[in-house]
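>>> Here is the input, now give the coordinates:
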Amino acid sequence: EWDFGRCQVNILLVTIGRGELQLPLYWELLDNRSGNSSAADRIALLQVCLQVLGKHRIGLVLGDREFVGHQWLKWLKANGLNFVMRLPKHHLLTHPGGQRQAVADLGLAPGQVRRFTHCQVDGVWGQVWVKALADNEFLFLFGNVGLAYMDQLYAKRWTIEQCFQNLKGRGFNL
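Residues are numbered from 1 along each chain as shown. From the prediction side, this is the model:
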């Protein structure tokens, strides 16, 4: 999301990348003022990518805190796509025994990490990786990829931010 004069532009963008290079692959202009896409928006966009590329060419789907919700996570898992999503700290973990827990209640000191191999978030079973940050913040990741390196996979999302910076100002000036 960014402002172009008085016009607010909201784009749902899929990039394709290798290493530190990310290129825009497919996008949709969103007809909303919130800047957030809906699960239906995201699913429709990825369905186009699946048709064009095939599932075997999509290695990983990454998303930040606005890419959440039962419908979205369930669709990714049901379609066999590898994913890592950062979740807001208010989303609850549900353990196999049914106990629900907030990440703030894990008792982690800044820098400490907890991993859960089988946990439910937003009604979908997957893996959880949580790191306590400063000021009662958390890096709260949910996905279906290798738990031992989930944080390293999520770190690749930074290249998407660099792609946006390039599109907005570094030569493209959109």
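>>> Name the nearest residue to residue 132, ignoring sequence neighbours.
residue 108 (3.7 Å; C-beta to C-beta, 6 or more residues apart in numbering). Yep, even glycine has a C-beta here, placed from its N, CA and C like the rest.
>>> cool, residue 83 as well?
Per C-beta to C-beta, 6+ apart, closest to residue 83 is residue 61, 4.3 Å.
>>> show me what contacts that neighbour?
For residue 61, the contact set (C-beta atoms under 8 Å, 6 or more residues apart in numbering) comprises 46, 76, 81-84.
>>> is it true that the residue nearest to residue 132 lies in a helix?
No - going by DSSP: H, G, I helix; E, B strand; the rest coil, the assignment for residue 108 is coil, not a helix.
>>> which residues sit in contact with it?
Residues in contact with residue 108, defined by C-beta under 8 Å, 6+ apart, are 114, 130-132, 138.
>>> let's see it at 10 Å
Contacts here follow C-beta atoms under 10 Å, 6 or more residues apart in numbering; on that basis residue 108 touches 114, 130-133, 138.
>>> Equivalent analysis for residue 12, please.
Going by C-beta under 10 Å, 6+ apart, residue 12 touches 26-30, 35-38, 41-42, 44-46, 67.
>>> Show me which of those are buried.
Buried members of the contacts of residue 12, scored by 16 or more other C-beta atoms under 10 Å, are 28, 30, 37, 41-42, 45-46, 67.
>>> can you redo the residues you listed as CSV with pLDDT, secondary structure and distance to residue 152?
Shown next, in CSV, are those (pLDDT from 0 to 100; DSSP: H, G, I helix; E, B strand; the rest coil; distance: C-beta to C-beta, whole Å):
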residue, pLDDT, secondary structure, distance to residue 152
28, 78, strand, 29
30, 75, coil, 30
37, 79, coil, 26
41, 86, helix, 28
42, 89, helix, 24
45, 87, helix, 25
46, 89, helix, 23
67, 82, coil, 19
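>>> which one among those residues gets closest to residue 169?
Distance to residue 169 across the buried ones among the contacts of residue 12 (C-beta to C-beta) is lowest for residue 30, with 21.0 Å.
>>> how about the helices in the chain?
In the chain, the helices defined using DSSP state H lie at 39-53, 70-78, 150-155, 158-168.
>>> contacts for the shortest one?
Helix 150-155 is touched from outside by 59-60, 62-64, 82-86, 113, 115, 127-131, 139, 141-146, 149, with contacts defined as C-beta under 10 Å, 6+ apart.
>>> Buried residues of that helix, list them for me.
The neighbour-count check on helix 150-155 (16+ other C-beta under 10 Å) flags 150-151, 153-154 as buried.
>>> now the chain, which segments are flagged as low pLDDT?
For the chain, the stretches flagged by pLDDT under 70 are 1-4, 20, 32-35, 158-162, 166, 170-174.
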